[in-house]
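>>> pasting the sequence and the predicted model now:
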Amino acid sequence: MNENEAMLIWRNFIRLKDTDIDPPFVDAHDMLIDELDSKDVEGIPEWHQNEDRLCFMPRLKDKDSQICIQFLLNDERQWVFGSTIPLRTRIDRIGELPTCKFPKLPIQELRWRREVLETEMRIDLFTTLKDIKGMQFAIEWFADGDEFRDKVIESLPFLPTYKAFIYYKCWFHSQLLGETTLLQTFDDNKAVISLERCKHLAIYKQNKRIRNQIEKRTYLALFETTWDDRASKCGWHIEYEHEDLTTQFTLTR
């Protein structure tokens, strides 16, 4: 593809003339265009063609970050809109070789990517176990309460295990995973913990690959089975409330 062909596709995108753009994207199109640097709206941004992917990488107004607007070849060999991907850090930009320094991601983005990778691996394993051993075996495989209890005691050996579990669980969500964690109430018999943006729910909502592998009810069953076992081994029972991206744990003894 030459630059004139790329320019035509980009201009059609800017003008929303490409009738193959998915309808759900159209509503957000004007908002996206408003966020682009005027130079990239009027001209053509950095672009790359790799096999069946065509990527335009415009800059956003008043920001150092870029986005990648990706087009894909359909069965008729036409370029159609695929996705919009944020590029907060260009990890392909490294110094002069030889080098051992590579671009750093913001800590929240790094935590998110790690959790997505780990979740994809867990769901891959679950799918394999389900096919070989059945659904119940696959779900129960992820009950790791004994190991989690060991981590709780190792971190807070000076507290009763049931009490240490609540502190460790809040730390686990807020610091290890970077989730907004609210400890609402906590006494010897009850604790209420809310995750305002539960990564487990957010990943399912945003990850098409995982949604194609596992239905949401089973996906939540894996999450709840894991935490049920962890809590049980430390002396608690959990009730769950999932609403949009918020999860609330009500723990009782």
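Perfect, I can see it now. Numbers count the residues shown, from 1 in each chain.

>>> what about the strands in the stretch 51-200 of the chain?
Taking DSSP state E, counting those that start in this stretch as the criterion, the stretch 51-200 of the chain carries its strands at 53-57, 66-73, 79-87, 181-186, 190-195.

>>> ok, and what's touching the last one?
Same thing as strand 190-195. If you take C-beta atoms under 8 Å, 6 or more residues apart in numbering as the criterion, strand 190-195 is touched by 166, 169-170, 173, 179-186, 236, 246-253. Where C-beta positions appear, they are placed from N, C-alpha and C, glycine not excepted.

>>> next one: the fourth one
Contacts with strand 181-186, where a contact means C-beta under 8 Å, 6+ apart, come from 166, 170, 173-174, 191-196.

>>> and Glu140, how many neighbours?
For Glu140, the neighbour count with other C-beta atoms under 10 Å is 13.

>>> spit out the contact partners of it.
When the contact criterion is C-beta under 8 Å, 6+ apart, the partners of Glu140 are Thr225.

>>> distance of it from Phe165?
When distances are taken as C-beta to C-beta, to the nearest Å, Glu140 and Phe165 turn out to be 21 Å apart.

>>> mark out where each domain of the chain begins and ends.
Domain assignment of the chain by automatic domain parsing yields the ranges 3-87, 107-252.

>>> quick one on the thing from earlier: narrow the contacts of strand 181-186 to those that are buried.
The neighbour-count test (16 or more other C-beta atoms under 10 Å) applied to the contacts of strand 181-186 identifies 166, 170, 173-174, 191-195 as buried.

>>> which one of the residues you listed is nearest Leu105?
The shortest approach to Leu105 among the buried ones among the contacts of strand 181-186 belongs to Ser174, at 19.2 Å (C-beta to C-beta).
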